[in-house]
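>>> Would you be able to build a 3D model of this:
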Amino acid sequence: MSYARALAVGLTGVTGHLVEVEADVAAGLPGLALTGLPDTALHEARDRVRAALTNSGESWPNRRITVNLLPAALPKFGSGFDLAIAVAVVAGAGLLPVAALHRVVLLGELGLDGSVRAVRGVLPSVLAAARAGVTRVVVPLANAGEAALVPGMTVRATDTLRRLFDFVRGAGALLDPPPPAPPDGPHPPDLADVAGQDLGRRGLELAAAGGHHLSMIGPPGAGKTMLAQRLPSILPPLDEQAALEVTAVHSIAGVLPDGAPMITRPPYQAPHHSASVAALVGGGSGIARPGAISLAHRGVMLIDEAPEFSARALEALRQPLESGEVVLSRTGGAARYPARVQLILAANPCACAKPAGDQWCECSALARRRYLGRLSGPLLDRVDLQLRLHPVTAAQLAREDAAAEPSAVVAARVLAARTAAANRWRDGGWRTNAEVPGTVLRHRPYRLAPAVTRPLERALDSGALSARGHDRVLRIAWTIGDLDGRDRPGIEDLREALALRTGRNA
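This next block holds a predicted model:
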């Protein structure tokens, strides 16, 4: 037999494609030619595969070997094709029966000693194989727990190339995946730790209930970062589909925790203010890698000390916030990563940032405007809730008679509000009020009575709101109504929403 093939998966972003690895072993000048748009790491597979086979006790075919990766027009990246190439080459030389690997996807990088090493992106690769109708997969032992997260997939693992070949020849067995890993990570900090800041807590609860973006401007020590860190604690757990999406992105980035548990809680990202555009939205040579906004998909991304970020980095967030995904185009192809996040912007009111607030500020009015002016109007226009926070008073810190509500109590209200919104928007496929298009809210049956929307119309006509801001106030008003258990928002709900949107809540 001079021809054989094996199956692998190629990834572009989080999208996987089934790849056929063909090997033709023919008479001619010895050598291995690799075709099908491989990248540099894949070109180097010829040396890794040869050394791994030799050190596993196999003979390297001393003939002309051509390995082709189908579809040939799809760019291929990474070292995850090594295992499939090794099987195809040895089978093409007639040294390995491959009936046991028919319609089996093979994923893994080979070490020179014949070991099978873990690779990134196993979860989205196995998901792609399942969508293509493949039900069996062989992965590195270190990736087996991750691959086993895919429902209906038969997963076997190997730690060496020798073990796989023994299995194919009927002289051994592959390994089973490890038992499911425990739930992921420690619980986020609790809202009960936050003293005072009733306005901040109200804004945080509305943000969680409606999926809204939130900005908080206030002096150091006002509790901006504390509040932001506790937003994940009041968000509902991820459903199965969302958990798979989030875990897949973390798999591609190579940041899954040990044991590769399913990520079931909303993720939280807080990049440093020195972060580059690529760190925030993704990038890199070859195929672009996900950035912080994709790692926060279905969760929270805090931009703390927002005016200290570069203008380019902040403006790069605008398109993902609107569309819910990042599209990164490179010469090798375009990668799409999900980026449906809740953004929290936190900022001091000025550069001097006196903890006591404005009364001790040493900045001129021009300097204050210039400092906050680093947050552009188009970016802030995409932030639904805009709060002005004041310093916490001594009386608020010393209060013992009324303990702050814990996250569990607030989370129950948030879940009830989200359930009401999901039931209302089920036909449109939206999960939260923040996702609903403005055209839906402005037309029957969800259009509010003119007496309710009159303050909103005045704000729009006076220029205090943009058309985008008009729709976002409506979304906030629906969230307020959901939290308070009303079927439709009233005029007081809309007035509160307008104040929270325009920052006139101080």
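
>>> use CA for all of it now, contacts and neighbours both
Will do.

>>> where along the stretch 51-200 of the chain do the strands fall?
Taking DSSP state E, counting those that start in this stretch, the strands of the stretch 51-200 of the chain run over residues 64-70, 104-106, 109-110, 116-117, 136-140, 154-158.

>>> oh, I was asking about the stretch 301-450 of the chain
325-330, 333-338, 342-347, 385-388.

>>> between the second one and strand 325-330, what angle do the directions make?
If I follow you right, that is strand 333-338. 160 degrees (axes from the mean of the first three to the mean of the last three C-alpha atoms, to 10 degrees).

>>> mean confidence for strand 333-338?
Strand 333-338 comes out with an average pLDDT of 84.

>>> now do the first one
pLDDT averaged over strand 325-330 equals 85, rounded to a whole number.

>>> then it to CSV, C-alphas only?
Output in CSV follows, covering the C-alpha atoms of strand 325-330 (Å, rounded to 0.1, in the frame of the first residue of the first chain):
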residue,chain,number,x,y,z
GLU,A,325,-17.3,39.4,18.2
VAL,A,326,-13.8,40.3,17.2
VAL,A,327,-12.7,39.8,13.5
LEU,A,328,-8.9,39.8,13.2
SER,A,329,-7.7,39.8,9.6
ARG,A,330,-4.2,38.7,8.7
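
>>> Need the strands of the stretch 51-200 of the chain in CSV (columns: mean neighbour count and mean pLDDT).
Shown next, in CSV, are the strands of the stretch 51-200 of the chain (neighbours: other C-alpha atoms under 10 Å; pLDDT from 0 to 100):
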stretch, mean neighbour count, mean pLDDT
strand 64-70, 21, 94
strand 104-106, 24, 97
strand 109-110, 26, 96
strand 116-117, 25, 96
strand 136-140, 26, 97
strand 154-158, 23, 96
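
>>> the domain parsing of the chain - what is it?
Using automatic domain parsing, the domain parsing of the chain gives 3-168, 191-404.

>>> can you list those in JSON lines and add distance to residue 416?
As requested, the domains of the chain are exported to JSON lines (distance: least, C-alpha to C-alpha, whole Å):
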{"stretch": "domain 3-168", "distance to residue 416": "29"}
{"stretch": "domain 191-404", "distance to residue 416": "8"}
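
>>> which of these has the lowest average pLDDT?
Lowest mean pLDDT within the domains of the chain: domain 191-404, at a mean of 88.

>>> related to what we said a few turns ago, of the domains of the chain, which approaches residue 422 most closely?
Residue 422 sits nearest to domain 191-404 of all these, at 10.1 Å, using C-alpha to C-alpha.

>>> Endpoints of the closest one, how far apart?
Start and end residues of domain 191-404 are separated by 7 Å (C-alpha to C-alpha, to the nearest Å).

>>> start at 472 instead
Okay, residue one is now 472; in that scheme the one you just asked about reads as domain 662-875.

>>> returning to what we had before: distance to residue 915 for the strands of the stretch 522-671 of the chain - can I get that in JSON lines?
Below are the strands of the stretch 522-671 of the chain laid out as JSON lines (distance: least, C-alpha to C-alpha, whole Å):
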{"stretch": "strand 535-541", "distance to residue 915": "51"}
{"stretch": "strand 575-577", "distance to residue 915": "51"}
{"stretch": "strand 580-581", "distance to residue 915": "57"}
{"stretch": "strand 587-588", "distance to residue 915": "57"}
{"stretch": "strand 607-611", "distance to residue 915": "50"}
{"stretch": "strand 625-629", "distance to residue 915": "49"}
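
>>> elements contacting the longest strand belonging to the chain?
The residue-count maximum for a strand in the chain (DSSP state E) belongs to strand 486-497. Applying 3 or more C-alpha pairs under 8 Å, 6 or more residues apart in numbering; DSSP states H and E, one finds that strand 486-497 makes contact with strand 474-483, strand 535-541, helix 553-563, helix 593-602.

>>> List the strands paired with it, with their directions.
The strands beside strand 486-497 in its sheet (DSSP bridges) come out as strand 474-483 (antiparallel), strand 535-541 (antiparallel).

>>> Tell me which of the ones you listed approaches residue 689 most closely.
Residue 689 sits nearest to strand 474-483 of all the strands paired with strand 486-497, at 41.7 Å, using C-alpha to C-alpha.

>>> how far is that closest one from where the chain is centred?
Once both centres are worked out by C-alpha atoms, centre = their mean, to the nearest Å, strand 474-483 turns out to sit 27 Å from its chain's centre.

>>> swap in stretch 510-522?
In terms of C-alpha atoms, centre = their mean, the centre of stretch 510-522 is set 31 Å apart from its chain centre.

>>> Next, the angle helix 553-563 makes with the longest strand of the chain.
If you take the same axes, to 10 degrees, strand 486-497 sits at 30 degrees to helix 553-563.

>>> now strand 486-497 and helix 593-602, what's the angle there?
Note on geometry: by the same axes, to 10 degrees, strand 486-497 and helix 593-602 are set 80 degrees apart in direction.

>>> Give the next helix or strand downstream of strand 486-497.
The helix or strand immediately downstream of strand 486-497 is strand 502-506, counting by DSSP states H and E.

>>> And that following strand, what's buried?
Neighbour-count burial for strand 502-506, counted by 16 or more other C-alpha atoms under 10 Å, picks out 503, 505.

>>> by contact count, what packs against that strand?
Contact here means 3+ C-alpha pairs under 8 Å, 6+ apart; on that basis strand 502-506 packs against strand 535-541.

>>> For the strand it packs on, which outside residues touch it?
Defining contact as C-alpha atoms under 8 Å, 6 or more residues apart in numbering, one finds that strand 535-541 is touched by 490-508, 556, 560.

>>> who wins for proximity to residue 804 among the strands of the stretch 522-671 of the chain?
Within those, the stretch nearest residue 804 is strand 535-541; the backing value is 16.4 Å (C-alpha to C-alpha).

>>> Please write out the alpha-carbon positions of the closest one in PDB.
C-alpha atoms of strand 535-541 as PDB (Å, rounded to 0.1, in the frame of the first residue of the first chain):
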ATOM      1  CA  ARG A 535       9.700   9.900  -1.600                       C
ATOM      2  CA  ILE A 536       6.800  10.900   0.700                       C
ATOM      3  CA  THR A 537       4.200  13.400  -0.100                       C
ATOM      4  CA  VAL A 538       1.800  14.600   2.600                       C
ATOM      5  CA  ASN A 539      -1.100  16.700   1.600                       C
ATOM      6  CA  LEU A 540      -3.600  18.400   4.000                       C
ATOM      7  CA  LEU A 541      -7.100  18.700   2.500                       C
END
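
>>> Highest mean neighbour count out of the helices and strands packed on strand 486-497?
Highest mean neighbour count among the helices and strands packed on strand 486-497 (mean count of other C-alpha atoms under 10 Å): helix 553-563, with a mean of 26.

>>> Next, the angle strand 502-506 makes with that helix.
Computed by the same axes, to 10 degrees, the angle between helix 553-563 and strand 502-506 is 130 degrees.

>>> Who are the packing partners of helix 553-563?
Packed next to helix 553-563, using 3+ C-alpha pairs under 8 Å, 6+ apart, are strand 474-483, strand 486-497, helix 516-526, strand 535-541, strand 580-581.

>>> Take the ones you listed and write them to CSV, including distance to residue 610.
CSV is the format used below for these (distance: least, C-alpha to C-alpha, whole Å):
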stretch, distance to residue 610
strand 474-483, 10
strand 486-497, 15
helix 516-526, 16
strand 535-541, 19
strand 580-581, 9
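
>>> didn't residue 734 look like it was pressed against residue 713?
No - in this structure, residue 734 is not within contact of residue 713 by C-alpha atoms under 8 Å, at 9.1 Å.

>>> ok, back up a step: let me have the strands of the stretch 772-921 of the chain in CSV, extended by mean neighbour count and distance to residue 683.
Shown next, in CSV, are the strands of the stretch 772-921 of the chain (neighbours: other C-alpha atoms under 10 Å; distance: least, C-alpha to C-alpha, whole Å):
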stretch, mean neighbour count, distance to residue 683
strand 796-801, 18, 16
strand 804-809, 20, 17
strand 813-818, 26, 6
strand 856-859, 24, 7
